[in-house]
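A.B. asks: predicted model and sequence below, questions to follow.
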Protein chains: 2
Amino acid sequence: MSSNAAPTTTKSERTRALIRDVALRSFRERGYDQTTIRLIAQEAGVSVGTTNYHFASKNDLVQELYLEVQTAHRTVALPLLAETDDLVERLGIVYRSGLEQLEPYHRFAPEFLSAAVSPRSSINPLSGDSTESRDIVIGLFRDAVTGAADKLPAEFEEAIPSALMVGHLLLALFWVYDSSPDRVRTQRLLSRGLRLLKTALPLIRMRILRKPLRELLDLVAEVGA
Amino acid sequence: MSSNAAPTTTKSERTRALIRDVALRSFRERGYDQTTIRLIAQEAGVSVGTTNYHFASKNDLVQELYLEVQTAHRTVALPLLAETDDLVERLGIVYRSGLEQLEPYHRFAPEFLSAAVSPRSSINPLSGDSTESRDIVIGLFRDAVTGAADKLPAEFEEAIPSALMVGHLLLALFWVYDSSPDRVRTQRLLSRGLRLLKTALPLIRMRILRKPLRELLDLVAEVGA
């Protein structure tokens, strides 16, 4: 239809994109529980069979949602990261822009949480199926750390992006529970956490703290590996 | 039947206790999802109506489970606390004995987590319905802190028991995900966290760190208030 369409776009690809768009809108407007493959097929004007051909289950569409959210997260964060080389500010940018992407889903967040929290869930953000979107977040934290003027001890380098990503999941967990207007409590938790980090950062370099801290970070990072 | 039964025990109280015992065994043996009021009634030899008269829903029985678990937690922890006045050791006792009580449920922990994690769930450990069992845990952490030789800054006193309880919930969350033999990874996370705390404890008293740390603790404590 559009002259801007890439010439290689096949009908199958267009159908897939349509189903995906309908599903993402449904997650935003109806939440997780009320979104069904049947409804998506109906609204996309295709059969349930066609929908299942492209996406074997509702959870495959949740993975598309995760990718959409984290792609937007990266798009928002990267230009902001280019503006500062302060480590704590850079971490704040990645955390804040990540929360912003979640905000349209806050009303339905408890449903998504219940469906995703089990370690057996295919939409668990730490599951194998979620690797692609998780890697975007880990990559952003890696950028935030490596691009900062303030260098962390080299022995922290490997574990820190995954550990910060786990921190992002915990912050998102707090946000699910946050019913304050404009999520001021989550904003406050983040800004207080960052302020403490800024004050404590010189201490992290103390020899006596480095080993126990690194060992703890390694363990937290394993969660997200 | 038993001559040890308190003379004030009515038939209704005995029925209630029976239903409760059957339900707790069912949670341990079948987990959350497969336990139903119908099965409990059948195994207790009473009607569904009688079961509902004593416990309006399955989740009321989960609250009994929480109370059983935390009462056992206190029973195990208190004599151990009497043996040391070292703050970090005392915290270790409360955390370790808390995890021990959860261990028999590990196989079904993902089910309980999915059912309890929503802030709208009546069996959320932070919900109003869970106040009694949560207060046991907060009380244990208060005992652990106030009975220690090593005193924390007075300004931390109010927030710290609730903040430590939130820490216990996060440790339990890690434990749900832990499939290592004998839960060695959770044990390691706890012992490394405690070791870091032991090393960092003198720094907590530094003026420059005290204010941001207290503000952060206050906010975490609000979660459990």
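C.D. replies: Cool, the structure landed.

A.B. asks: tell me which other helices or strands the helix ranked longest in chain A touches.
C.D. replies: Using DSSP state H to define each element, chain A has its longest helix at helix A:58-81. With contacts defined as 3 or more Cβ pairs under 8 Å, 6 or more residues apart in numbering or on different chains; DSSP states H and E, helix A:58-81 has these neighbours: helix A:11-30, helix A:87-102, helix A:109-116, helix A:131-146. Backbone N, C-alpha and C define where each C-beta goes, glycine included.

A.B. asks: name the residues that touch it?
C.D. replies: Residues outside helix A:58-81 that contact it (Cβ atoms under 8 Å, 6 or more residues apart in numbering or on different chains) are A:19-20, A:23-24, A:27, A:32, A:35-37, A:40, A:55, A:90, A:93-94, A:97-98, A:100-102, A:112, A:115-116, A:121-123, A:125, A:129-130, A:132-134, A:136-137, A:139-140, A:143-144, A:147.

A.B. asks: hmm, 6 Å instead?
C.D. replies: Helix A:58-81 is contacted from outside by A:20, A:23-24, A:27, A:37, A:55, A:90, A:93-94, A:97-98, A:101, A:122-123, A:129, A:133, A:136-137, A:140, using Cβ atoms under 6 Å, 6 or more residues apart in numbering or on different chains.

A.B. asks: quick one, phi psi at A:E157?
C.D. replies: phi -50, psi -40 (degrees, to the nearest 10).

A.B. asks: just give the closest residue to it, not the sequence neighbours.
C.D. replies: Spatial nearest neighbour of A:E157, chain neighbours left out: A:V145 (7.5 Å); criterion: Cβ to Cβ, 6 or more residues apart in numbering or on different chains.

A.B. asks: same question, A:I208
C.D. replies: B:T199 (5.8 Å).

A.B. asks: any buried residues in the host helix or strand of that neighbour, and which?
C.D. replies: Taking DSSP states H and E as the definition, B:T199 sits inside helix B:184-204. Residues of helix B:184-204 classed as buried: B:185-186, B:188-190, B:192-200, B:203 (neighbour count, 16 or more other Cβ atoms under 10 Å in any protein chain shown).

A.B. asks: okay, the angle between that helix and helix B:87-102?
C.D. replies: With axes from the mean of the first three to the mean of the last three Cα atoms, to 10 degrees applied, the angle from helix B:184-204 to helix B:87-102 works out at 150 degrees.

A.B. asks: next one: whichever helix or strand comes after helix B:184-204 to chain centre, how far?
C.D. replies: Proceeding N to C from helix B:184-204, the next assigned helix or strand is helix B:207-223, under DSSP H and E. On the basis of Cα atoms, centre = their mean, to the nearest Å, the separation between the geometric centre of helix B:207-223 and that of its chain is 23 Å.

A.B. asks: give me the contact list for helix B:207-223.
C.D. replies: Residues from elsewhere that reach helix B:207-223 (Cβ under 6 Å, 6+ apart): A:L189, A:R192, A:R195, A:L196, A:T199, B:P153, B:E155, B:A159, B:S162, B:A163, B:V166.

A.B. asks: buried ones in it?
C.D. replies: B:209-210, B:212-221, B:223.

A.B. asks: quickly list the domain ranges of chain A.
C.D. replies: Structural domains of chain A, as assigned by automatic domain parsing, span the residue ranges A:9-56, A:59-224.

A.B. asks: out of these, which is the most enclosed?
C.D. replies: Most buried of the domains of chain A by mean neighbour count (mean count of other Cβ atoms under 10 Å in any protein chain shown) is domain A:59-224; its value is a mean of 17.
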